[in-house]
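**Student:** Attaching a predicted model along with its sequence, questions to come.
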Amino acid sequence: MKEIITRFPPSPTGYLHVGGARTALFNWLYARHMKGRFVLRIEDTDAARSTKESVDAIFEALEWLGIDWDEGPYYQSERFDIYREYIQKLLDTGNAYYCTCTPEQVAAMRKAGMAAGGKAGYDGTCRDKGLSNSEGAVVRFKTPLTGTTVLDDVVKRNIVFNNEEIEDFVIQRSDATPTYHLAVVVDDITMNINTVIRGDDHVSNTPKQILLYRAIGHPLPVYGHVPMVLGNDRTRLSKRHGAMSVTAYRDMGYLPDAFLNYLVRLGWSFGNQEFFSKDELVEKFTLDNLGSSAGVFDTDKLLALNAEHIKKDSKSKIAGHLMPFLKARKIDAKQDEYLESVIGTLNKRSKTLIEMAESAEFYYQKDVIYDEKAARKNLTSSSLASLGMLADRIESIEKMDEQSLENAFMEVMEKTGLKLGKIAQPARVALTGKTVSPGIFEMIEVLGKEETVIKLQKAVEFIKK
Ligand code: GLU
């Protein structure tokens, strides 16, 4: 079988948005699944709207998502010679022609066409004039006047376009730059792209591109046009619905694999399965299960999936993603074994990395900062004895494990006649400053004997004062 080669060709006119990331992901997954190649191409022919910042933002987002490319990035702005060569070939073979109609004339044709209820496009004035190049001339592609062009799409099945309705479109502007249709087809041909998965906002462009392939004499790629991602009101996802940029989700504390897992489900399915690791997606992704109905972006679902990935992903991987959030809270943590054991106590109770960083704070505090209400309720004279006893008892433990800690608490319970909660809750406040924390035993195990004893003793001092 021939090697599958897919591509992602963003226009660098803004950040990488949710829909673009999904397109990139589908193409990347398919290339990886098929052990093919994935090409990155920056479509920056529109010099006025393309920016370097946007290119960098796209790289940054792809890198965060872990979507890597085998070829490129190619820049269309560096390929004008190649486009010119193909335009010349199309002129030489009679598939294209120079047109000197002014924009005003073309606008008038459209208006007249519309008024007549017919084809609202270029009327072919220069089609058979055999004009040569001149200042301000554009090059138009000669579309067939009759017949149909069929898009055989893996998602949408057959879509038939009447050639009559496809105008002689421009392939080279008056400033000698190529248009999108020309550049994209020449690039896909010269980069050996054989599979194009993209948003269905490109369906109407496709017949023009198919006609270009035919004129150039090159086999068509496999096309798959996926429905646009919708917002919760079922209109096309936009800023109105919340954050659109991929890196905004990084900054909100989502794991890249959770985000990918969520994105893929907006247009692809594998039975009823919702949770996928990245490796599992590579293993299972094929074009057969691309869906033809639009996915609705639902932040609650994304959040739930994030919590599940935080729970299931390896602690070392989470540690890497958590570090920037710890830094942001000025927590002096290192990416080490201690951090991984901290994560082990928090991964079942954190929905985002922001939440996790916040919950991790006490593990790194020399002096516990008591929440006022929690201290007033729990660090009182009635817990003085038990906290002192607990400090002494824990100090004498040889091996800090769950069993020996449980024994220590049991002993204090027996001696004081207090229930576990009456001992554990003040201890929790003494160690974390808060009334909510990971399980008391696992937390003490991570804190270690020395830290625990010091903090319990400090709470005793606090109560005495
Ligand atoms: N550059 C185009 C876009 O960002 C993509 C073109 C294509 O996929 O053919 O929409």
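**Tutor:** Yes, it's here. Numbering: from 1, shown residues only.
**Student:** How about the contacts made by the residue in the stretch 201-350 of the chain that the ligand sits nearest to?
**Tutor:** The stretch 201-350 of the chain approaches the ligand most closely through His202 (5.7 Å), counting by CB to the nearest ligand atom. C-beta here means a position set from N, CA and C on the backbone, and glycine is covered the same way. Applying CB atoms under 8 Å, 6 or more residues apart in numbering to His202 gives the contacts His225.
**Student:** could you measure it against Val196, distance?
**Tutor:** According to CB to CB, to the nearest Å, His202 stands 9 Å off from Val196.
**Student:** Over to Gly344?
**Tutor:** Gly344 is 44 Å from Val196, by CB to CB.
**Student:** ok, these two, which is more surrounded?
**Tutor:** Per other CB atoms under 10 Å, whichever of Gly344 and Val196 has more neighbours is Val196, with 21 against 15.
**Student:** Contacts only, for the closest residue to the more buried one other than its chain neighbours.
**Tutor:** Spatial nearest neighbour of Val196, excluding adjacent residues (CB to CB, 6 or more residues apart in numbering): Pro221 at 4.8 Å. Shown in contact with Pro221 (CB under 8 Å, 6+ apart): Asp188, Ile193, Asn194, Thr195, Val196.
**Student:** farthest pair in those?
**Tutor:** Asp188 and Thr195 (9.8 Å; CB to CB).
**Student:** who has more neighbours, those two?
**Tutor:** Taking other CB under 10 Å, Asp188 and Thr195 do not tie; Asp188 has more neighbours (24 against 21).
**Student:** contacting residues around the residue lying farthest from the centre of the chain?
**Tutor:** Using CA atoms, centre = their mean, the residue of the chain lying farthest from its centre is Lys415. It sits 56.1 Å away. For Lys415, the contacting residues are Met389, by CB under 8 Å, 6+ apart.
**Student:** related to what we said a few turns ago, shared neighbours, His202 and Val196?
**Tutor:** With CB under 8 Å, 6+ apart as the test, His202 and Val196 reach no residue in common.
**Student:** quick revisit: average pLDDT across the helix or strand containing the residue farthest from the centre of the chain?
**Tutor:** Element membership for Lys415, per DSSP states H and E: helix 402-416. Averaging pLDDT along helix 402-416 gives 95.
**Student:** and that helix, which residues are buried?
**Tutor:** For helix 402-416, the neighbour count (16 or more other CB atoms under 10 Å) marks Ser404, Leu405, Ala408, Phe409, Val412, Met413, Thr416 as buried.
**Student:** In three-state terms, label Leu326 for me.
**Tutor:** helix (DSSP: H, G, I helix; E, B strand; the rest coil).
**Student:** Now Asp123. Nearest residue, chain neighbours left out?
**Tutor:** Met109 (4.6 Å).
**Student:** Quick one: mean pLDDT for stretch 112-130?
**Tutor:** On average, stretch 112-130 scores 86.
**Student:** Show the contacting residues for whichever residue of the stretch 51-200 of the chain sits closest to the ligand.
**Tutor:** Using CB to the nearest ligand atom, the closest approach of the stretch 51-200 of the chain to the ligand is made by Arg198 at 4.0 Å. By CB under 8 Å, 6+ apart, Arg198 lies in contact with Thr23, Gly224, His225, Val226.
**Student:** Find the helix or strand that it is a member of.
**Tutor:** Assigned by DSSP H and E, Arg198 falls in strand 195-199.
**Student:** Surely Phe80 touches Pro178?
**Tutor:** Yes - with contact defined as CB atoms under 8 Å, Phe80 reaches Pro178; the gap is 7.1 Å.
**Student:** So for these two, which sits in the more crowded spot?
**Tutor:** Pro178 (25 against 14).
**Student:** Specify the beta-bridge partners of the more buried one.
**Tutor:** In this entry, Pro178 is beta-bridged to Gln172, by DSSP bridges.
**Student:** what sits against it?
**Tutor:** Thr45, Phe80, Tyr83, Arg84, Ile87, Ile171, Gln172, Val186 are the contacts of Pro178 under CB under 8 Å, 6+ apart.
**Student:** So for it, what's the pLDDT?
**Tutor:** 96.
**Student:** Next: Met1.
**Tutor:** Reported pLDDT for Met1: 69.
**Student:** which bits of the stretch 1-150 of the chain sit near the ligand?
**Tutor:** Residues of the stretch 1-150 of the chain lying near the ligand by CB under 6 Å from any ligand atom: Pro9, Pro10, Ser11, Glu43.
**Student:** What are the buried residues along the helix or strand Ser382 falls within?
**Tutor:** Using DSSP H and E, Ser382 maps to helix 381-395. Across helix 381-395, burial judged by 16+ other CB under 10 Å covers Ser383, Leu384, Ser386, Leu387, Gly388, Met389, Leu390, Ala391, Arg393, Ile394.
**Student:** Then stretch 49-59?
**Tutor:** Ser50, Ser54, Val55, Ala57, Ile58, Phe59.
**Student:** Kindly state the beta-bridge partners for the residue of the stretch 51-200 of the chain closest to the ligand.
**Tutor:** Beta-bridge partners of Arg198, as defined by DSSP bridges: His225.
**Student:** Export the buried residues of stretch 49-59 to CSV and append columns for pLDDT and secondary structure.
**Tutor:** Formatted as CSV, the buried residues of stretch 49-59 follow (pLDDT from 0 to 100; DSSP: H, G, I helix; E, B strand; the rest coil):
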residue, pLDDT, secondary structure
Ser50, 93, coil
Ser54, 96, helix
Val55, 97, helix
Ala57, 96, helix
Ile58, 97, helix
Phe59, 98, helix
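**Student:** tell me which residues of stretch 69-77 are tucked away?
**Tutor:** Here stretch 69-77 shows Trp69, Pro73, Tyr74, Gln76 as buried, counting by 16+ other CB under 10 Å.
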